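# Mind looking at a prediction? Sequence and model below.
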Amino acid sequence: MDRYNVVWDTPSADSSGSMPLGNGDIGLNVWVEGGGDLLCYLSKTDAWSENVRPLKLGRVRIRLSPNPFLAGAPFAQTLRLRQGEIEIRAGAAPAEVVARIWVDANQPLVRVEVEGNGPVGLTVTLESWRTEPRTLSGRELHSAYGAEDGPKPVVVMPDTILPASDNRIVWFHRNAESIWPDTMTLQGMPSWAQCASDLLLNRTFGGVIKGEGLVSDGPSALRSSESRSHHLVSIYVLTAQTPTPEEWLRAMDSLMARVENTDIQQARTLHHKWWNDFWNRSWIRVTGAEDAEVVTRGYILQRFITACAGRGAYPVKFNGSIFTVDAREPEENYDADYRRWGGPYWFQNTRLIYWPLLASGDFDMMQPLFRMFVEAMPLARERTRIYFGHEGVFFPETMYFWGAYANTNYGWNRQGKQVSQVDNTFIRCYWSGALELLALALDYYAYTSEEHFARDTLLPLADGIIRFYDQHYPRDDEGKILFQPAQALESWHEAVNPLPEIAGLTLVLQGLLSLPHALTTSEERALWQRLLTELPPTPTTTLDSQPILAAAQQLIGPIRNSENPELYAVFPYRLYGVLRPDLEMARRTFAARRVKGHVGWQQDDTQAALLGLAQEARAGIVQRFSAKHPGSRFPAFWGPNFDWIPDQDHGCNGVMALQTMLLQSVGSKIALFPAWPKDWDVEFKLHAPANTAVQGVYRAGKLESLEVTPEHRARDLVVLEPQ
C-alpha cells in the first residue's frame with residue numbers, strides 16, 4: 001500500500017495543488033503554499049445553503065515561526081493512505097518541523113499536530129470569503145442549478161464569525177431563508193408542505209477552532225502564547241437545524257465535551273484501525289505490464305476519495321464530491337463553492353459511485369444513497385397522487401436531496417400547464433432511475449443477507465416503485481404494458497417501449513420474486529408475477545441480417561444526448577453477458593454502439609468487461625485512469641469532463657470496470673477472470689453475493705493461490721481463462 005502514497009517534494013501554487021482527506025463526512029483539501037503557509041479548505045456532506053448549494057465551511061491558514069517552508073529547504077508532503085493522514089516534513093535539521101493532519105474517522109473533528117525539533121510559534125486563522133450578501137450572476141449561477149432563471153435573485157449570504165473568546169474561533173453559516181417553501185408551492189405541493197419540514201431553513205453549519213496554548217489574536221485568529229515544540233490544533237465541525245444560533249452553539253459545546261473525553265492517543269489508534277480495516281476489506285493490485293501501474297494507482301486513489309466522503313448524511317456529489325477548490329477553468333474563475341450543475345442529484349451520475357461499493361465490501365458507504373430515497377418517499381407518494389391520480393412513487397432523474405425537482409427543470413412559468421408537465425424534455429418522462437435503484441438494493445441484499453434492510457428499505461421502495469409502473473401505463477391490445485409517453489434516457493425524448501424500462505423491470509421483478517418467501521407476501525408476489533408476464537419483449541433490430549438490441553421499439557424525433565440505451569440490458573441490468581444467454585448478440589450490439597468513450601459517466605469499459613471483452617475493457621480503463629485534470633496536482637482529480645472536478649463518475653467507473661474484469665456474479669455462480677488480460681498479474685480480494693469473499697494471486701499466467709470464504713461457495717466458482 002505504501003508505494004501508492006502520494007508524495008510531493010515542493011509546495012503548491014494554490015488550492016489546485018491540494019490533497020484530499022476526509023472521514024466520510026468531513027473533507028479537507030490540504031496544501032502548502034510557496035510563501036510558507038499550510039492551508040486547508042474544510043467541507044461537509046450536509047452543508048446545504050439556503051439555495052441548495054453545497055458550501056465549503058471555510059478555509060484555515062496555519063503559519064509557523066520560524067518559517068520551515070523557505071525556498072530551497074527540504075520539503076515532503078505525503079498522503080499516507082494506510083493511516084488516513086497527511087504528513088508534511090519541512091526544514092533541515094536541527095530545525096525540522098513535522099505536521100500531521102487527520103480527520104478523525106470516528107468523531108467530527110480535524111486534528112493538526114505540529115512537532116518541531118526546537119521551539120515553534122504558530123498562528124491559525126479562519127478565512128471566509130462569504131463576508132457580505134452577494135448576488136450570483138452570469139455563469140456562476142450554474143453552481144445554483146435549479147434556482148437560476150427564477151423570479152428571485154440567488155444571493156450568497158455571509159457567514160457569522162463570533163468575536164474570539166475562550167481562546168477559540170467560532171463560526172457558522174446559518175440559513176435564515178430557504179427556497180424550500182417556494183419550491184414546493186411551484187411544484188404543486190403546497191398542502192403537503194404544510195405538514196412537512198423545511199430541510200433548509202435554520203440549517204446551521206460551521207465549526208470551532210481551538211488548541212492548547214493558543215490565545216486570541218483578533219476575531220478570526222489564534223496564536224501560540226509561547227513557542228513550543230508541540231502544537232495541537234483541533235477543529236470541531238457540526239451541522240444542525242436549530243431554532244436559534246444559541247442552540248447550535250450549545251449543541252457544539254456538547255459535541256466538544258463529548259469528544260474531549262476521548263484521549264487523543266486512543267482516538268488516533270482507533271482512527272488508524274478504521275483505515276486499516278477499510279484497506280483490508282478488499283483490494284486489487286495489478287502488476288506485470290507497462291500499463292498496470294496507472295490502473296492500480298487510479299483504483300486505490302479513487303477508492304480512497306470515495307471513503308473520504310462516503311459516510312455522510314447525504315450521498316456523494318458526482319460533480320466534485322466535497323473536494324472542490326477555487327475554479328480555474330478558462331471561463332470559470334470562481335471561489336471554491338462553485339461547481340457545475342450545482343446541488344441537485346442526477347441519478348444517472350450518482351449511481352456510478354455506488355455500484356462498485358458492492359464488490360469492494362464498502363456497504364456502510366451505500367447507506368446515504370438508500371436513506372435519501374427512503375426519506376423522499378412520502379413526498380414522492382403524494383406527488384404521484386397529485387400529478388397522476390394513482391398510487392406508487394416516482395423519482396425525477398434530477399432532484400434536490402429531499403426529492404423535489406430542480407426548479408429550472410420543472411419550469412418556472414406554470415401558466416396553462418398541467419401540474420405534472422415538466423418543462424425540461426431531457427427528464428420529462430425519465431423515471432427509470434428508480435428501477436436501477438431497486439436493482440442496486442436487490443444486489444445489496446444479495447451480498448449482505450440483511451433482513452432489516454430488505455424490510456425497511458428494499459421492500460418499501462419496491463412497493464412504491466412497482467405500483468407506479470403497474471398503474472401509470474396503459475396496456476396494448478395484447479395486454480402488454482405500453483410505455484408511452486416515454487423516453488430512452490436523455491438521448492431520445494420520445495420513444496415507445498424503451499429498452500431501459502423493459503430491461504430494468506425484467507431484472508427487478510425477477511429479483512423480487514427470488515427473495516425468501518418469509519420476507520414477502522402472496523399479494524406482492526402475485527403483482528410481481530403478473531407484471532413480469534405483461535412486459536413487452538426486449539426491443540431488438542437487425543444489423544447485417546443479425547439481431548441486435550435496440551434502444552426502443554420505436555424512436556421518435558432527433559437524438560439529443562450521447563448515450564447507448566440499448567446497452568442498458570448489459571449494464572446496469574445484466575440480462576446479457578458472460579455465462580448468460582445471447583452473449584454474441586450483446587457483443588454485436590456493443591460493437592455497433594453509436595457512442596464510444598471512456599470519459600466521465602460513459603460506461604463502455606464496464607460493459608466490455610461484462611461481455612468478456614478483455615482487451616476493449618483494458619484499453620478503456622487505462623485511458624480512463626490516465627486522464628487526470630491537467631490543472632490539478634493530485635493524480636486522481638479527474639475532470640471536468642461532462643461535470644466538474646474531481647469527477648466522481650470518471651474514477652468510480654474505472655473502479656467498477658476493473659472489478660468487473662476480475663470477478664462477476666451470475667446468478668449463484670461467480671465468474672473469475674471473465675475479462676482479464678493474460679499479462680496482468682494481480683493480487684486481489686473482492687466480495688460476491690451470499691456474504692462471500694474471493695481472494696487470490698494470479699502471476700505469470702498461473703493462479704498461484706485462491707481462497708473462497710465461506711468454503712462451500714468455492715463450488716460456485718467458475719474460473720475462466722485470462723485472455
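Good, I have the coordinates. Predicted model only: the values in this text are computed from it and were never measured.
# Identify the residue nearest residue 392 in space, chain neighbours excluded?
residue 468 (2.9 Å; CB to CB, 6 or more residues apart in numbering). C-betas here are computed from N, CA, C, even on glycine.
# Ok, residue 576 next?
Spatial nearest neighbour of residue 576, chain neighbours left out: residue 586 (3.6 Å); criterion: CB to CB, 6+ apart.
# Could you measure from that neighbour over to residue 612?
Separation of residue 586 from residue 612 (CB to CB, to the nearest Å) stands at 10 Å.
# overlap in contacts of the two?
Common neighbours of residue 586 and residue 612, using CB atoms under 8 Å, 6 or more residues apart in numbering, are residue 577.
# sorry, back to before: near the residue nearest to residue 576, how many other residues are there?
Neighbourhood size, residue 586 [other CB atoms under 10 Å]: 25.
# show me what contacts it?
With contact set as CB under 8 Å, 6+ apart, residue 586 has these partners: 549, 569, 570, 576, 577, 611.
# so which of those residues is the most crowded?
residue 569 (29 neighbours).
# pLDDT at the residue most central in space within the chain, what is it?
Centroid check for the chain by CA atoms, centre = their mean gives residue 316 as the closest residue, at 2.9 Å. pLDDT for residue 316: 98.
# now the one 4 residues further on
Each residue has a pLDDT score; the one for residue 320 is 98.
# measure residue 662 to residue 344 for me?
Residue 662 is 34 Å from residue 344, by CB to CB.
# In three-state terms, label the residue nearest to residue 392 for me.
At residue 468, secondary structure determined by DSSP: H, G, I helix; E, B strand; the rest coil is helix.
# Roughly how far does it sit from residue 610?
Taken as CB to CB, the span from residue 468 to residue 610 is 28 Å.
# Kindly report the same for residue 273.
Remark: distance between residue 273 and residue 610 (CB to CB) = 36 Å.
# hey, what's residue 496 bridged with?
Residue 496 has these beta-bridge partners by DSSP bridges: residue 554.
# Could you list the low-pLDDT ranges of the stretch 51-200 of the chain?
Counting by pLDDT under 70, the stretch 51-200 of the chain has no low-confidence residues at all.
# I should have written the stretch 401-550 of the chain there, sorry.
Using pLDDT under 70, nothing in the stretch 401-550 of the chain is flagged.
# could you pull out the helices for it?
Secondary structure of the stretch 401-550 of the chain (DSSP state H, counting those that start in this stretch): helices at 407-410, 433-448, 451-453, 459-472, 499-513, 522-534.
# Confirm residue 122 sits in a helix?
No. Residue 122 is assigned strand when assessed by three-state DSSP, not a helix.
# give me every residue that touches it.
62, 63, 64, 65, 114, 211, 214, 223, 224, 231, 233.
# Look up how far residue 268 lies from it.
20 Å.
# ditto for residue 595
In terms of CB to CB, residue 595 sits 49 Å off from residue 268.
# If you count surrounding residues, which of these two has more?
residue 268 (17 against 13).
# Now the more buried one. Nearest residue, chain neighbours left out?
Of all residues not flanking residue 268 in the chain, residue 102 sits nearest, at 7.5 Å (CB to CB, 6+ apart).
# same check, this time on residue 131
residue 158 is the one closest to residue 131 (CB to CB, 6+ apart), at 5.4 Å.
# Who are the contact partners of the one you found?
By CB under 8 Å, 6+ apart, residue 158 lies in contact with 128, 130, 131, 132, 133.
# can you pull out the helices in the stretch 551-700 of the chain?
Under the criterion DSSP H, counting those that start in this stretch, the stretch 551-700 of the chain contains helices at 583-591, 604-610, 614-626, 648-662.
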